[in-house]
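Trainee: Just a sequence and a predicted model for now, questions to come.
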Amino acid sequence: MRIENATFVITGAGSGLGSACAERLVAAGGRVVLCDLSEGVQDQARRLGDAAIAVQGDVTSADDIQAVIDAAQAHGDGLAGVIHCAGVVSVAKLVDRHGNPADLDAYARTVQINLVGTFNVMRLAAAAMSQNPPGDDGERGVIINIASVAAFDGQVGQCAYSASKAGVVGMSLPAARELSRHGIRVMAIAPGVFETPMMADIPEDAVAALSQAVPFPKRLGKPDEFARLAEQIITNSMLNGEVIRLDGGIRMQ
Ligand SMILES: NC(=O)C1=CN([C@@H]2O[C@H](COP(=O)(O)OP(=O)(O)OC[C@H]3O[C@@H](n4cnc5c(N)ncnc54)[C@H](O)[C@@H]3O)[C@@H](O)[C@H]2O)C=CC1
Ligand SMILES: C[C@]12CCC(=O)C=C1CC[C@@H]1[C@@H]2C(=O)C[C@@]2(C)[C@H]1CC[C@]2(O)C(=O)C=O
């Protein structure tokens with residue numbers, strides 16, 4: 001799949017990994033429709049110029065995401081792909097230090113945004129892309145979902161987050177198999193620890209410890225390193241139905 005003059009939806013594009021993907025795709029000649037809950041996404045689109053537009057929306061809402069897809073269809077020659085970065089992290093123990101059980105609504109909220117939101121974006125994007133004229137090899141589109149190393153090595157307090165990301169991993173192969181008849185590929189990236197606003201509130205010594213836990217290189221990942229993998233997935237049509245860890249070899253304790 002080529003990037004030049006093709007249109008991509010990027011969710012969670014107001015910040016961190018999504019924002020880096022938007023910059024990289026525009027630099028490669030693509031058009032982007034930026035979706036985020038936060039209104040800051042409008043400024044991000046303005047910074048990127050005419051190739052970018054922003055549609056504020058919630059990935060768990062069918063109406064909001066349909067509006068994002070419709071905007072993408074109108075912003076060029078149809079929707080070529082989606083990089084779905086929107087997500088939230090949550091930390092809560094099953095039983096806290098006072099003996100109270102974890103909050104059920106907080107658990108459901110994490111799963112709703114990270115897992116149900118991913119399904120919502122995938123189903124609406126795939127329905128639109130299935131109507132694209134076939135390109136090389138009959139390709140009609142590509143979907144990149146974002147899991148996490150927490151899907152495999154979840155830590156204490158990450159029951160909700162790890163379950164939501166393990167669900168994203170679990171959907172990758174069946175979604176790729178189902179959508180193959182439409183010429184749509186589905187991939188997932190499982191990042192390790194990346195330097196984004198999601199990490200902003202973590203104390204410096206905790207960040208240093210996380211960096212030390214990476215075998216090589218001993219630092220947090222940079223958002224553009226993530227965006228470069230997303231770019232490769234878009235342009236390399238043999239990548240399908242797989243989850244790629246991008247983590248410097250870290251295995252979380
Ligand atoms: N930063 C890290 O170390 C890692 C991040 N990830 C995952 O990567 C993805 C991106 O994370 P970052 O860029 O680091 O986080 P971030 O917090 O910088 O960006 C996430 C964006 O998603 C948006 N968002 C949240 N809920 C939304 C909703 N319901 N609808 C629309 N937009 C919504 C936020 O407004 C924010 O702009 C997330 O799915 C995260 O779980 C995975 C592994 C590591
Ligand atoms: C780096 C982590 C884990 C991987 C992921 O998908 C998203 C992350 C961003 C938030 C971090 C995650 C983590 O490793 C644990 C911490 C650092 C988390 C924020 C608080 C955190 O739970 C913690 O401080 C644990 O000790």
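Mentor: Received it, and whenever you're ready, just let me know what you need. Ligands and ions are numbered 1, 2, ... in the order given.
Trainee: what comes up buried for the longest helix anywhere in the chain?
Mentor: Longest helix in the chain by number of residues (criterion: DSSP state H): helix 159-179. Residues 159-169, 171-172, 175-176, 179 are the ones in helix 159-179 that count as buried (16 or more other CB atoms under 10 Å). For the C-beta atoms, the positions are set from N, CA and C on the backbone; glycine is no exception.
Trainee: which residues of the stretch 1-150 of the chain fall in helices?
Mentor: 16-27, 41-48, 62-74, 104-111, 117-129 (DSSP state H, counting those that start in this stretch).
Trainee: Of those, flag the one that's most buried.
Mentor: Counting by mean count of other CB atoms under 10 Å, helix 16-27 has the highest mean neighbour count of the helices of the stretch 1-150 of the chain, with a mean of 24.
Trainee: Show me what that one packs onto, helices and strands only.
Mentor: strand 7-11, strand 31-36, helix 41-48, helix 223-235 (3 or more CB pairs under 8 Å, 6 or more residues apart in numbering; DSSP states H and E).
Trainee: still on that earlier bit, ligand 2 is nearest to which of the helices of the stretch 1-150 of the chain?
Mentor: Closest to ligand 2 of these is helix 16-27 (CB to the nearest ligand atom; 9.7 Å).
Trainee: What lies in contact with that closest one?
Mentor: Here helix 16-27 makes contact (CB atoms under 8 Å, 6 or more residues apart in numbering) with 3, 8, 10-13, 32, 34, 36, 44, 48-49, 51-52, 83, 85-86, 146, 191, 194, 196-198, 223-224, 226-228, 230-231, 234.
Trainee: how about a cut-off of 6 Å?
Mentor: 3, 8, 10, 12-13, 32, 34, 44, 48, 51, 83, 85, 196-198, 223-224, 226-227, 230-231 (CB atoms under 6 Å, 6 or more residues apart in numbering).
Trainee: That helix vs helix 41-48, what angle?
Mentor: 30 degrees (axes from the mean of the first three to the mean of the last three CA atoms, to 10 degrees).
Trainee: Wondering if helix 16-27 reaches ligand 2 at all.
Mentor: No - using CB under 6 Å from any ligand atom, we find that helix 16-27 stays clear of ligand 2, coming within 9.7 Å at best.
Trainee: what's the neighbour count on the residue of the stretch 1-150 of the chain found nearest ligand 2?
Mentor: Of all residues in the stretch 1-150 of the chain, Ser148 sits closest to ligand 2, at 3.1 Å by CB to the nearest ligand atom. With neighbours defined by other CB atoms under 10 Å, the count for Ser148 comes to 29.
Trainee: For it, which residues are in contact?
Mentor: Ser148 neighbours (CB under 6 Å, 6+ apart): 165, 190.
Trainee: Over to Ser237?
Mentor: Neighbours of Ser237 in contact, by CB under 6 Å, 6+ apart: 137, 139.
Trainee: Could you report the pLDDT at it?
Mentor: Note for Ser237: predicted pLDDT of 98.
Trainee: Check Gly87 too.
Mentor: 98.
Trainee: Phi, psi for it please.
Mentor: Main-chain torsions, Gly87, degrees, to the nearest 10: phi -180, psi 170.
Trainee: What of the one 5 residues further on?
Mentor: Per-residue torsions, Ala92: phi -160, psi 130 (degrees, to the nearest 10).
Trainee: Need the residues that contact the longest helix of the chain.
Mentor: By CB under 6 Å, 6+ apart, helix 159-179 touches 89-90, 107, 110-111, 114-115, 118, 126, 145, 147-148, 150-151, 154, 186, 188, 240-241, 243.
Trainee: List buried residues within those.
Mentor: Buried among the contacts of helix 159-179 by 16+ other CB under 10 Å: 90, 107, 110-111, 114-115, 118, 126, 145, 147-148, 150-151, 154, 186, 188, 240-241, 243.
Trainee: Which of those residues fall within strands?
Mentor: If you go by DSSP state E, those have 145, 186, 188, 243 in strands.
Trainee: Much appreciated, bye for now.
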